[in-house]
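Chemist: model this:
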Amino acid sequence: MPYHLHFGEADPMRIRFAISPLWETHSAVRVLARPAKQGYHLPWMRRIADAARGLDLGPLHLLMPHRGHSPDSLYPPPLGPAASFDEEIAAVRATDPALALVDFERALAETPGAAESAEGRRMLADPAGAVERLADLLRAAWEALIEPDWPRLRALLEADVAYHSRRLAEGGLERLLGELHPAFDWAAETATLRVAYPGEHVRPLDGQGLVLVPSVFTWPDVVSGFDPPWQPTVAYPARGIGGLWSEPGGRTPEALARLLGPVRADVLCALDEPMGTTALAHLLGRAPSSVSSHLSVLRDAGLLSSRRYGHQVLYERTPLGIAVSQPDAK
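Modeler: Residues are numbered from 1 along each chain as shown. Predicted coordinates:
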């Protein structure tokens, strides 16, 4: 049975996107234990292999059943559109031990024998202490696995948010939810978002709206099911993860690099999604001033267009830019 998220009259106006470094950390830890989720991330896995071996991720994996409940209190919906890891982990540490205990009991029950294991018994006997230990472990995982690559990850996530925000503005809620993921099914007649996922979950939004969280490491799944008191949230795979771990220049045709110069060609080829100067500079490992100069030249040449989104200017390839950067595209 799918998840059913029922929209009330006010809920369509209260949809927001958010980016969560804590969620990416949680999802990356899960990827390390799930070979089926590793396909797009092999370059990253090779790079962090030594750091991962230095972490005891067993307690976190114990609370990550293959199907079923994971503790919402350890991975709550993002506090805002761009909360820092420090802000998010502080909220985890502030979890009511009674709420954490219920979360631990539900999660451990999903895996036969987990509650009876030494670590499971320790969590259930002292949920407050378990929250502190798990928060420490999540911080260690963040610093070892995610933080070194966070500028690159954030750039892709911000590009996804910009793209889908524009789709929402252009086509409304039905168009947005119809395009986010094949598992989504928007039923306009009942104002219900159905999310295909094992298990059953029915949640009226009751005026709280919905938080949409793009994720690099969630692929190929979508994740929902947050229960009160948490705000209704859906995490979905971000666009463009297929090229995420490509090194700058790795996808730039040699002939294009000779024509435009290697850096300018890299800038053009990196814009698979609309992106701002700062995000693109992080992705390419270049100074923002240098990237800005190349973006201006490419725009003046008709290869890029630009538009304002909030406080930033987003650049994307024009049809001519697509043809030049992808000569083999049909």
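Chemist: List the buried residues of the longest helix along the chain.
Modeler: Criterion DSSP state H: the longest helix present in the chain is helix 150-180. Across helix 150-180, burial judged by 16 or more other C-beta atoms under 10 Å covers 150, 152-168, 173, 176-177, 180. (Each C-beta comes from the backbone N, C-alpha and C, glycine too.)
Chemist: now do stretch 218-238
Modeler: Result for stretch 218-238 [16+ other C-beta under 10 Å]: buried residues 218-219, 221-226, 231-238.
Chemist: Endpoint to endpoint, it covers what distance?
Modeler: The straight-line separation of the ends of stretch 218-238 (C-alpha to C-alpha, to the nearest Å) is 8 Å.
Chemist: How much space separates residue 290 from residue 189?
Modeler: To residue 189, residue 290 is 52 Å away according to C-beta to C-beta, to the nearest Å.
Chemist: And these two? Which one has more around it.
Modeler: Set residue 290 next to residue 189 and count neighbours by other C-beta atoms under 10 Å: residue 290 wins out with 15 against 5.
Chemist: For that one, which non-adjacent residue is spatially closest?
Modeler: Nearest residue to residue 290, sequence neighbours excluded (C-beta to C-beta, 6 or more residues apart in numbering): residue 263, at 7.1 Å.
Chemist: What average pLDDT does the one helix or strand the one you found maps to get?
Modeler: If you go by DSSP states H and E, residue 263 is part of helix 262-270. On average, the pLDDT along helix 262-270 is 89.
Chemist: got it, and stretch 115-133?
Modeler: The model assigns stretch 115-133 a mean pLDDT of 95.
Chemist: What distance separates the opening and closing residues of it?
Modeler: Using C-alpha to C-alpha, the end-to-end distance of stretch 115-133 comes to 17 Å.
Chemist: From the chain's centroid, how far away is that stretch?
Modeler: Counting by C-alpha atoms, centre = their mean, to the nearest Å, stretch 115-133 is centred 28 Å from the centre of its parent chain.
Chemist: Buried ones in it, by neighbour count?
Modeler: The neighbour-count check on stretch 115-133 (16+ other C-beta under 10 Å) flags 115, 119, 120, 123, 127, 130, 131 as buried.
Chemist: Who are the contact partners of the most centrally placed residue in the chain?
Modeler: The centre of the chain sits closest to residue 215, judged by C-alpha atoms, centre = their mean, with a distance of 1.5 Å. The contact partners of residue 215, taken as C-beta atoms under 8 Å, 6 or more residues apart in numbering, are 20, 23, 24, 27, 157, 223, 235, 236, 237, 238.
Chemist: go with 6 Å
Modeler: Each residue near residue 215 by C-beta atoms under 6 Å, 6 or more residues apart in numbering is listed here: 27, 235.
Chemist: and it, bridged to which residues?
Modeler: residue 237 (DSSP bridges).
Chemist: gap between it and residue 20?
Modeler: On the measure of C-beta to C-beta, residue 215 and residue 20 end up 8 Å apart.
Chemist: again with residue 212
Modeler: 11 Å.
Chemist: Those two - which one has more neighbours?
Modeler: Using other C-beta under 10 Å as the criterion, residue 212 and residue 20 rank with residue 20 on top: 27 against 21.
Chemist: The closest residue to that one other than its chain neighbours in helix, strand or coil?
Modeler: In space, and not counting its chain neighbours, residue 20 is closest to residue 78: 4.1 Å by C-beta to C-beta, 6+ apart. Per DSSP: H, G, I helix; E, B strand; the rest coil, the secondary structure class of residue 78 is coil.
Chemist: Burial check on residue 78, number of neighbours?
Modeler: As a burial measure, residue 78 scores 24 neighbours (other C-beta under 10 Å).
Chemist: same check, this time on residue 194
Modeler: Counted with other C-beta under 10 Å, residue 194 comes out at 17.
Chemist: Repeat that for residue 13.
Modeler: 9.
Chemist: That one in helix, strand or coil?
Modeler: helix.
Chemist: Using the three-state scheme, assign residue 72.
Modeler: At residue 72 the chain is in coil, as set by three-state DSSP.
Chemist: Quick check: it touching residue 230?
Modeler: Yes. Using C-beta atoms under 6 Å, residue 72 is in contact with residue 230, at 5.2 Å.
Chemist: need the strands for the stretch 1-150 of the chain, in chain order.
Modeler: Here the stretch 1-150 of the chain has its strands, by DSSP state E, counting those that start in this stretch, at 3-6, 15-17.
Chemist: what does the last one contact?
Modeler: By C-beta under 6 Å, 6+ apart, the surrounding residues in contact with strand 15-17 are 161, 209, 210, 211, 212.
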